[in-house]
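Colleague: below: sequence and its predicted model.
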Amino acid sequence: MGFVKEFKEFAIKGNAFDLAVGVIIGGAFGKIVTSIIEDLIMPVVAAMVGKPDFSSIYFAMGKGSELIPKGASLAEAKKAAPDAAIFAYGNFITVAINFFLLALIVFIMVKTINRMKKKEEAVAVATPPAPTKEQVLLTEIRDLLKAKA
């Protein structure tokens, strides 16, 4: 019974629960960012400079590389020469560009959210809360005691 109790305490602790919520929100946020990149940013980039897909750029070397027809796609090259060593650096370039765009979008979103938080904090600091009824009553009592002394 000690194991179940210990597990229950671990699972209900705030940190474990917050982590679980963070992972779930992070997964959903990842889909939003992916959609921003694939559906909003990449079409604009593709319209300006063409579709930035370098995944078919490769360099074949070694045994069997001579069997690859000139201008063949990466999939065709792998099929034509399964024993050849294919250095597919184009896919890395595509992934690196996507990572850069993803990091840029996340940075812009975080910067915007931080700017909005600072504005909210400035408004909260600028307007102090009105005193409660108890504070008003205590202030009046203090003032009466000072007047008697």
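Modeller: Nice, thanks for sending it over.
Colleague: let me see the ranges of the helices in this structure.
Modeller: 2-12, 14-35, 42-49, 74-80, 89-126, 133-148 (DSSP state H).
Colleague: chain center to the third one, what's the gap?
Modeller: The reference is to helix 42-49. Taking CA atoms, centre = their mean, to the nearest Å, one finds the center of helix 42-49 at 22 Å from the center of the full chain.
Colleague: over to the fourth one?
Modeller: What separates the centre of helix 74-80 from the centre of its chain is 35 Å, taken as CA atoms, centre = their mean.
Colleague: check stretch 100-113 too.
Modeller: 8 Å.
Colleague: cool, and stretch 132-139?
Modeller: 47 Å.
Colleague: hang on, the earlier thing: tell me which of the helices of the chain sits most buried.
Modeller: Of all the helices of the chain, helix 74-80 has the most neighbours on average by mean count of other CB atoms under 10 Å, namely a mean of 15. Any C-beta I mention is one placed from the backbone N, CA and C, and that applies to glycine too.
Colleague: returning to that earlier point: now render the helices of the chain as a markdown table, adding distance to Ser65 and mean pLDDT.
Modeller: Converted to a markdown table, these look like this (distance: least, CB to CB, whole Å; pLDDT from 0 to 100):
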| stretch | distance to Ser65 | mean pLDDT |
| --- | --- | --- |
| helix 2-12 | 55 | 80 |
| helix 14-35 | 35 | 81 |
| helix 42-49 | 31 | 78 |
| helix 74-80 | 9 | 84 |
| helix 89-126 | 15 | 82 |
| helix 133-148 | 83 | 91 |
